[in-house]
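Visitor: sequence-free structure coming up:
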């Protein structure tokens with residue numbers, strides 16, 4: 001018990017000798033370390049999301065090309081039941097392309113050029 005009292009007394013004396021500026025600098029240093037950790041963590045998450053978005057975009061372009069290749073004669077677009085599904089997929093893909101184009105700042109002409117490649 002006496003050892004704990006002496007330890008507390010010594011710590012109190014030691015902490016009282018530290019200036020307010022030292023406390024302020026220590027606090028800023030700790031805050032900076034925490035903020036750097038948060039920023040790095042968020043940067044990693046954003047990069048992972050961008051990679052997922054790029055993969056989804058590329059898969060959508062590939063799907064669009066496959067749909068065009070399968071229906072090169074236009075037989076699916078003229079069949080009543082399949083036409084509804086085909087047009088629905090076309091509409092979904094075009095909405096997706098327009099939203100991605102807004103995010104990346106791509107014009108419609110650039111988007112068509114990418115699709116043709």
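Guide: Received it, and whenever you're ready, just let me know what you need. Quantities reported herein were computed from a predicted structural model and do not represent experimental measurements. Residues are numbered from 1 along each chain as shown.
Visitor: in what helix or strand does residue 9 lie?
Guide: Using DSSP states H and E, residue 9 sits in helix 2-17.
Visitor: may I see the buried residues of that helix?
Guide: Residues of helix 2-17 include none that count as buried (16 or more other CB atoms under 10 Å). Glycine gets a C-beta too; all of them are placed from N, C-alpha and C.
Visitor: tell me the mean pLDDT for stretch 97-109?
Guide: The predicted model gives stretch 97-109 an average pLDDT of 71.
Visitor: what's the following helix or strand after the helix holding residue 9?
Guide: helix 20-70.
Visitor: which helices and strands does that next one pack with?
Guide: Other elements packing on helix 20-70 under the criterion 3 or more CB pairs under 8 Å, 6 or more residues apart in numbering; DSSP states H and E are helix 80-104, helix 108-116.
Visitor: got those helices as TSV, with distance to residue 36 columns?
Guide: Output for those, formatted as TSV (distance: least, CB to CB, whole Å):
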stretch	distance to residue 36
helix 80-104	28
helix 108-116	37
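Visitor: right, and those - which one's nearest residue 62?
Guide: Among the helices and strands packed on helix 20-70, the nearest to residue 62 by CB to CB is helix 108-116 (10.2 Å).
Visitor: count of neighbours near residue 80?
Guide: Neighbour count of residue 80, defined by other CB atoms under 10 Å: 6.
Visitor: off-centre distance for the helix holding residue 9?
Guide: Taking CA atoms, centre = their mean, to the nearest Å, one finds helix 2-17 lying 49 Å from the centre of the chain it belongs to.
Visitor: now do it, average pLDDT.
Guide: Average pLDDT, helix 2-17: 76.
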